[in-house]
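Participant: Below is the sequence, then the predicted model.
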Amino acid sequence: MNVQPGTSNTIHVLPRELAEKIAAGEVIERPGSVIKELVENALDAGATQIRIELEDGGKKRLTVRDDGCGIADTEVLTALERHATSKIQTLDDLWNLDTMGFRGEALPSIAAISRFTLRTRAAGAANRGRLVYLEGGKLLRDEPLLELDPGTSISVEDLFYNVPARLKFQRARSGESAYIREMTEHFALTHPAVSFTLLSDNRKLLDLDPAAHPERIARIFGTASENLENFESRFEDTAVFGFLDRDARATNSRQIFLVVNRRIVKDRLLQQAVLTALRPRMLEGEYPRIFLSLEVPRGDVDVNVHPTKSEVRFRRSRDVFQIVHGALSKLAGAVSRPFYSAPAPTAQAFAAQQAPSTPPLFATSAFGFRTKTDAPSSWGAHDPAFKTQNTDPAFNIPASHLFTSLQYLGQLKNTYLLFQDAEGLVLIDQHAAHERVNYERIRADFLRTGLTPQPLLVSITVKCKPDGLLTAEESRATFEKLGFEAEPFGEESLLLRAIPEGLDPAKAQELFRALLAELQETPAAESLAADPSRLSPKLERMLSTAACHSSIRAGQSLSPKQARALAAQMDATPASLNCPHGRPSSIRLTFAQIENLFKR
């Protein structure tokens with residue numbers, strides 16, 4: 001052990017004051033950390049009203065007031081001791097938690113690094129409450145309070161005043177206030193019956209009254225409640241419910257709100273389930289705005305994984321994935337609203353028609369591949385009326401007649417099919433619609449029989465580490481289903497003997513590496529090998545590329561019979577509202593919009 005000159009290498013116990021500051025640093029990183037701990041305590045106390053006040057982003061002062069059950073007069077000082085809690089008694093209680101907090105570290109950690117004032121009165125304690133004041137964890141005042149309402153009020157001033165090293169790394173006032181507002185919205189999403197008020201430098205940032213869950217979510221999402229699509233599902237003792245903002249699209253995953261037993265969490269498994277299930281409705285790089293709440297038996301989830309309790313671990317992760325994925329897949333495939341609404345016409349829209357065209361969002365790759373049940377696809381194979389039924393039971397679903405009930409009018413620019421009904425005009429992008437039909441067929445065939453392997457005259461050498469060789473060997477059956485045949489070659493290489501038919505060798509090597517990395521990084525219970533229906537994004541893109549190459553093209557003339565047959569196929573296809581890339585396949589222009597264009 002290397003020891004710097006002038007220091008001691010003697011093992012010793014740290015002074016209590018120093019130990020408390022170190023421990024506080026693990027729980028309290030910023031003013032937002034204090035707000036999180038205090039609001040969780042308020043919710044555990046049964047509060048129905050929570051008020052948060054900030055000065056200078058919480059660095060100068062922050063206060064959290066609630067109308068919860070309060071702290072009994074005889075327990076106030078005990079509550080300020082480290083690891084003092086009313087929420088667990090034994091080790092087994094950690095596996096049956098129904099509270100937000102449980103460790104008993106928050107109050108002493110906050111008091112150790114601030115000027116800390118606590119006012120509280122227990123429910124039923126007449127009008128008598130108690131006030132305590134601490135600086136740097138040292139008790140300086142302890143006195144009774146009269147005429148205090150039931151509940152608790154905690155003020156924290158000069159946070160990190162005695163830890164200057166931490167103070168230097170704090171965010172600016174505006175950034176911290178925004179962070180605390182976002183966190184408060186998270187609490188509000190999971191507790192709609194609780195009112196939340198947030199003030200920053202006497203300016204109101206948030207004021208939420210108790211509301212029904214859809215109304216609270218719509219308020220925080222900034223949309224109307226009728227724009228929310230609700231979903232729910234149950235399997236044995238696990239249940240999921242939530243709301244998807246139908247039209248909202250985000251550029252990152254921050255609008256995906258995941259809740260486990262009323263606790264907002266970050267979880268890769270749940271996020272993967274959401275993104276995989278909703279991929280048919282999203283363009284590349286788009287993310288949904290969604291609130292998803294999962295209720296699982298307390299003994300099946302470990303919330304004691306992370307110091308801030310923001311991560312969880314599931315005992316039956318595969319079951320959790322499947323119930324979430326299944327609920328959202330039904331939502332993605334359901335056609336609750338058959339068409340996207342055309343935007344209201346504006347002068348800018350007419351001017352945009354004269355603007356130069358922009359490059360397409362998706363450039364199709366110069367390759368395609370086939371499943372084992374596929375035959376070479378061409379327009380003639382679908383003429384004169386396409387096959388409206390697929391022999392694969394996984395692909396067949398009851399027809400809804402949404403599209404076949406429309407009256408066919410004609411074809412515009414050999415690209416868009418024009419239909420009408422009692423509400424207005426419906427335009428169908430023939431390529432996008434047929435691409436979705438073909439994608440679902442190819443995907444169903446792949447899940448049933450896999451991709452056709454193509455033997456290589458010259459094998460491809462893939463460099464990988466010993467753990468990669470082991471994963472490839474353990475996942476041999478999975479790779480064979482994907483059309484790959486690989487075998488070890490030395491201690492740090494694999495030989496690809498076969499690749500998916502029709503796939504360029506360079507693309508095949510890239511896909512193989514990506515799949516191998518995915519199998520290595522994903523726990524076995526969550527992997528593609530355990531559930532082949534959980535296709536990786538890269539594989540999904542390749543299936544959609546194959547569908548694109550076998551679909552009707554823009555500019556291709558269709559007869560009325562062919563147009564109606566495509567409409568029938570759309571009725572028999574899940575998620576026909578979008579193409580596999582997420583673009584809309586049909587748009588409605590109402591008669592009211594048309595009349596508005598003509599100033600009627």
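Facilitator: Arrived safely.
Participant: which ones are touching K463?
Facilitator: 492-493 (CB atoms under 8 Å, 6 or more residues apart in numbering). In short, each C-beta sits where N, CA and C put it, glycine included.
Participant: For it, give me the pLDDT.
Facilitator: On pLDDT, K463 comes in at 88.
Participant: How about the contacts made by T223?
Facilitator: T223 touches 245, 248, counting by CB under 8 Å, 6+ apart.
Participant: That one belongs to a helix, doesn't it?
Facilitator: No - according to DSSP: H, G, I helix; E, B strand; the rest coil, T223 belongs to no helix; its state is coil.
Participant: who's L139 bridged to?
Facilitator: L134 (DSSP bridges).
Participant: wait, doesn't it sit right on P108?
Facilitator: No - contact status for L139 versus P108: not in contact, 11.3 Å apart, counting by CB atoms under 8 Å.
Participant: Who has more neighbours out of these two?
Facilitator: For L139 versus P108, neighbours defined as other CB atoms under 10 Å are more numerous around P108 (21 against 13).
Participant: Show me what whichever strand or helix holds the more buried one packs onto, helices and strands only.
Facilitator: Element membership for P108, per DSSP states H and E: helix 106-112. Applying 3 or more CB pairs under 8 Å, 6 or more residues apart in numbering; DSSP states H and E, one finds that helix 106-112 contacts helix 16-27, helix 31-44, strand 151-157.
Participant: Can you flag the weakest of those by average pLDDT?
Facilitator: Across the helices and strands packed on helix 106-112, the lowest-scoring stretch is helix 16-27, with a mean of 61.
Participant: Roughly how far does E473 sit from R497?
Facilitator: Separation of E473 from R497 (CB to CB, to the nearest Å): 14 Å.
Participant: Which residues are in contact with L159?
Facilitator: 28, 31, 34, 58-59, 62, 113-114.
Participant: Need those in JSON lines (columns: distance to E518 and neighbour count).
Facilitator: Shown next, in JSON lines, are the contacts of L159 (distance: CB to CB, whole Å; neighbours: other CB atoms under 10 Å):
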{"residue": "I28", "distance to E518": "37", "neighbour count": "26"}
{"residue": "P31", "distance to E518": "39", "neighbour count": "27"}
{"residue": "V34", "distance to E518": "39", "neighbour count": "25"}
{"residue": "G58", "distance to E518": "41", "neighbour count": "27"}
{"residue": "K59", "distance to E518": "43", "neighbour count": "22"}
{"residue": "L62", "distance to E518": "43", "neighbour count": "27"}
{"residue": "I113", "distance to E518": "43", "neighbour count": "25"}
{"residue": "S114", "distance to E518": "45", "neighbour count": "27"}
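Participant: how about the spatially most central residue of the chain, what does it touch?
Facilitator: The chain has I256 as the residue nearest its centroid, 3.5 Å off, counting by CA atoms, centre = their mean. Shown in contact with I256 (CB under 8 Å, 6+ apart): 271, 274-275, 287-290, 292.
Participant: Strands - which of those residues land there?
Facilitator: Among the contacts of I256, the members falling in strands are 290, 292 (criterion: DSSP state E).
Participant: which among the contacts of I256 gets closest to F243?
Facilitator: Distance to F243 across these (CB to CB) is lowest for I290, with 7.1 Å.
Participant: pLDDT score for that closest one?
Facilitator: 92.
Participant: for A349, same thing?
Facilitator: 42.
Participant: what separates P453 from I499, distance-wise?
Facilitator: P453 is 7 Å from I499, by CB to CB.
Participant: same deal with L269?
Facilitator: For L269 relative to I499 (CB to CB), the value is 30 Å.
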